[in-house]
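> Predicted model and sequence follow; I will ask about them next.
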Amino acid sequence: MIKNDAILSLVKKYNENKMSHIFLIETNDKEQTLKDLLELIKILNCEKEYVENCVKCNLCHLITQSSLPSLKIISPDGQNIRKEQMEELKTTFSSQPYFSKYNVYVINDAEKFNASSANTMLKFIEEPEKNIIGFLITNNKENVINTIKSRCEIVKAHYSENKKEVDQRLYDLAVQY
């Protein structure tokens, strides 16, 4: 279940055929944002009517396991996101998706592009393919290179600290039993 209203609103945009091709998501909880994005990606790619905890098809399972060929999750390699990572993404997504409707990529720590990787990324997002959707995740959009930020639809996905505390307490109780 998607826990953030801002990410949930992307489902509405998708249903209204108003989906952008790249989003910069500013969040205070990168881990939960990634979980919510994986649910969103399931919805975007579902061939039938999406049902939470679907067991009818293999697509949701592949997305959950991050093993769907048309889904790439990229994190910094060391201190930065490297140019080679962006080139590999471009090469991988140069063909149409086979198992899903969209090629989707998620880039964690979008503020960690270096100049070389940012230039490669810019070339990729400036000429968007119709079947590619990207999500960049950051804790502070102001730290993302302006040329990339200016090409993204900005989404603020902040999570309540109280909700995290309640979730942790529920988890702790469950573990006790």
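Received the coordinates, thanks. As the structure is a computational prediction, the values presented were derived from the model and not from experiment. Residues are numbered from 1 along each chain as shown.

> Now do the helices in this structure.
All helices of the chain, identified by DSSP state H, fall at 5-15, 30-45, 59-64, 83-92, 115-126, 146-149, 161-176.

> can you tell me which of the ones you listed the model trusts least?
Least confidently modelled of those is helix 161-176, at a mean of 51 by mean pLDDT.

> What degree of burial does residue 72 show, as a neighbour count?
Number of residues near residue 72 (other C-beta atoms under 10 Å) recorded here: 18. C-beta coordinates here come from the backbone N, C-alpha and C atoms, glycine included.

> How about the one 4 residues further on?
Around residue 76 sit 18 other residues, with neighbours defined as other C-beta under 10 Å.

> can you start the count at 14 instead of 1 from here on
Noted, 14 is the first residue going forward, which turns the last one into residue 89.

> so who does it touch?
Neighbouring residues of residue 89 by C-beta atoms under 8 Å, 6 or more residues apart in numbering: 121-122, 125.

> which residue packs closest to residue 136, ignoring adjacent ones?
Spatial nearest neighbour of residue 136, excluding adjacent residues (C-beta to C-beta, 6 or more residues apart in numbering): residue 103 at 7.9 Å.

> In this structure that neighbour contacts residue 130, no?
No. Between residue 103 and residue 130 there is no contact under C-beta atoms under 8 Å: 11.4 Å.

> Neighbour count for the two, which is higher?
residue 130 (24 against 14).

> number of nearby residues for residue 36?
For residue 36, the neighbour count with other C-beta under 10 Å is 23.

> what are the bridge partners for it, then?
Beta-bridge pairing for residue 36 (DSSP bridges): residue 148, residue 166.

> and what of residue 170?
Judged by DSSP bridges, the bridge partners of residue 170 are residue 40.

> Next, count neighbours for it.
Residue 170 has 25 nearby residues by other C-beta under 10 Å.

> Repeat that for residue 125.
The number of residues packed around residue 125, counting by other C-beta under 10 Å, is 21.

> Skip the chain neighbours and tell me the closest residue to it.
In space, and not counting its chain neighbours, residue 125 is closest to residue 89: 4.4 Å by C-beta to C-beta, 6+ apart.

> Can you pull the phi/psi pair for the one you found?
phi -60, psi 140 (degrees, to the nearest 10).

> gap between it and residue 123?
10 Å (C-beta to C-beta, to the nearest Å).

> Equivalent analysis for residue 41, please.
For residue 41, the distance to residue 123 (C-beta to C-beta) stands at 15 Å.

> In contact with the nearest residue to residue 127 once chain neighbours are set aside, which residues?
Nearest non-adjacent residue to residue 127, counting by C-beta to C-beta, 6+ apart: residue 93, 4.4 Å away. Contact analysis of residue 93 by C-beta under 8 Å, 6+ apart lists 125-127, 130.
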